[in-house]
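**Q** No letters, just coordinates:
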């Protein structure tokens with residue numbers, strides 16, 4: 001029996017088929033050192049970073065809760081700082097109202113008059129204004145943490161930055177709300193139906209605590225900014241179509257409520273939308289400019305393709321090629337041998 005090497009005589013034997021491969025199928029993706037068969041990741045994600053993509057760890061819930069509570073305390077403190085220059089606040093409000101009237105963007109008067117004559121609409125609108133943004137906004141944030149962790153960090157950073165920018169607007173641009181603007185023809189809806197709720201004549205603040213809030217913090221409308229943030233996330237990520245429709249309706253209803261109750265102008269709502277858009281743009285830009293650097297795999301970025309199959313050294317091939325068939329080389333790498341007899345040499349060409 002003649003024993004010939006694969007490189008000298010005889011047809012080459014196909015390499016052993018990896019486990020789990022099928023005839024005609026694509027070869028399985030390579031595994032990283034120490035990676036088990038069940039831990040393989042998406043090849044596209046693997047190619048983007050050079051190594052398997054690990055799940056992003058969320059921050060601890062109590063750390064997030066403490067940070068949000070601290071920001072809310074800061075928000076309450078800054079918002080409670082009253083402006084001493086009420087003349088400037090009135091002047092800013094009248095300029096906004098004049099601009100709306102020139103461009104026919106002033107739906108506040110008809111909406112405010114509607115609630116004045118329809119108490120059945122005024123009471124739900126006041127409860128909507130006084131409570132829903134305090135309930136739904138943290139509820140959506142918790143929902144993002146639990147059900148949509150891949151989008152949580154960006155959503156949380158956006159709402160926090162939106163609030164901070166809104167506080168800067170309250171501080172730099174105090175604005176008298178429509179219900180407090182003398183001679184403008186608006187009615188204080190919440191004061192008129194205060195017997196139905198806990199509030200008095202100081203917007204949604206409880207009776208006797210109106211001195212703790214700044215009623216001239218109208219531009220931009222954080223009610224509208226927070227509502228648009230909630231509505232966008234619900235409309236995009238909710239599973240049920242009915243819930244997505246409610247997400248679309250929530251910011252629209254909020255805009256109508258803040259104008260009809262005499263708490264904000266239409267341009268205040270536009271300012272809230274601009275506030276949220278600016279915050280989302282900053283968060284997105286920072287996320288792209290300062291991406292998280294993944295740890296590099298060995299050999300990544302060198303431009304040299306990794307060896308996928310073991311190769312015989314050139315010296316070993318030369319030694320095998322110089323020996324007659326049937327001789328087993330001593331030393332070096334162990335080779336694959338063909339036990340079939342070598343075919344008889346045919347006639348020389350020509």
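**A** Good, I have the coordinates. All figures in this text were calculated on a predicted structure; none of them were measured in a lab. Residues are numbered from 1 along each chain as shown.

**Q** so where do the helices sit in the stretch 151-300 of the chain?
**A** 189-192, 222-237, 241-260, 266-289 (DSSP state H, counting those that start in this stretch).

**Q** Dump those helices into CSV; add mean neighbour count, mean pLDDT and distance to residue 121 as well.
**A** Any C-beta I mention is one placed from the backbone N, CA and C, and that applies to glycine too. Output for the helices of the stretch 151-300 of the chain, formatted as CSV (neighbours: other C-beta atoms under 10 Å; pLDDT from 0 to 100; distance: least, C-beta to C-beta, whole Å):
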stretch, mean neighbour count, mean pLDDT, distance to residue 121
helix 189-192, 22, 92, 10
helix 222-237, 22, 96, 18
helix 241-260, 18, 97, 8
helix 266-289, 18, 95, 19
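
**Q** is it possible to export those to TSV including distance to residue 110?
**A** TSV is the format used below for the helices of the stretch 151-300 of the chain (distance: least, C-beta to C-beta, whole Å):
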stretch	distance to residue 110
helix 189-192	13
helix 222-237	19
helix 241-260	9
helix 266-289	12
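
**Q** nearest to residue 200, of those?
**A** Nearest to residue 200 among the helices of the stretch 151-300 of the chain is helix 189-192; the distance by C-beta to C-beta comes to 7.1 Å.

**Q** Endpoints of stretch 141-154, how far apart?
**A** Stretch 141-154 has an end-to-end distance of 11 Å (C-alpha to C-alpha, to the nearest Å).

**Q** Over stretch 136-147, what's the mean pLDDT, rounded is fine.
**A** For stretch 136-147, mean pLDDT rounds to 92.

**Q** quick one, the helix or strand harbouring residue 87 and helix 266-289 angle?
**A** Assigned by DSSP states H and E, residue 87 falls within helix 86-102. Calculated by axes from the mean of the first three to the mean of the last three C-alpha atoms, to 10 degrees, helix 86-102 forms an angle of 90 degrees with helix 266-289.

**Q** quick check: mean pLDDT across helix 86-102?
**A** pLDDT averaged over helix 86-102 gives 92.

**Q** Give the other helices and strands that the helix or strand just after it contacts.
**A** Using DSSP H and E, the helix or strand that follows helix 86-102 in sequence is helix 108-117. Applying 3 or more C-beta pairs under 8 Å, 6 or more residues apart in numbering; DSSP states H and E, one finds that helix 108-117 contacts helix 119-147, helix 189-192, helix 241-260.

**Q** among those, which is nearest residue 215?
**A** The nearest among those, by C-beta to C-beta, is helix 189-192 at 11.1 Å.

**Q** would you list the helices and strands packed on helix 108-117 in JSON lines and tack on distance to residue 267?
**A** Conversion of the helices and strands packed on helix 108-117 to JSON lines gives the following (distance: least, C-beta to C-beta, whole Å):
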{"stretch": "helix 119-147", "distance to residue 267": "18"}
{"stretch": "helix 189-192", "distance to residue 267": "19"}
{"stretch": "helix 241-260", "distance to residue 267": "10"}
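
**Q** Ok, which of those helices comes nearest residue 274?
**A** helix 241-260 (13.6 Å).
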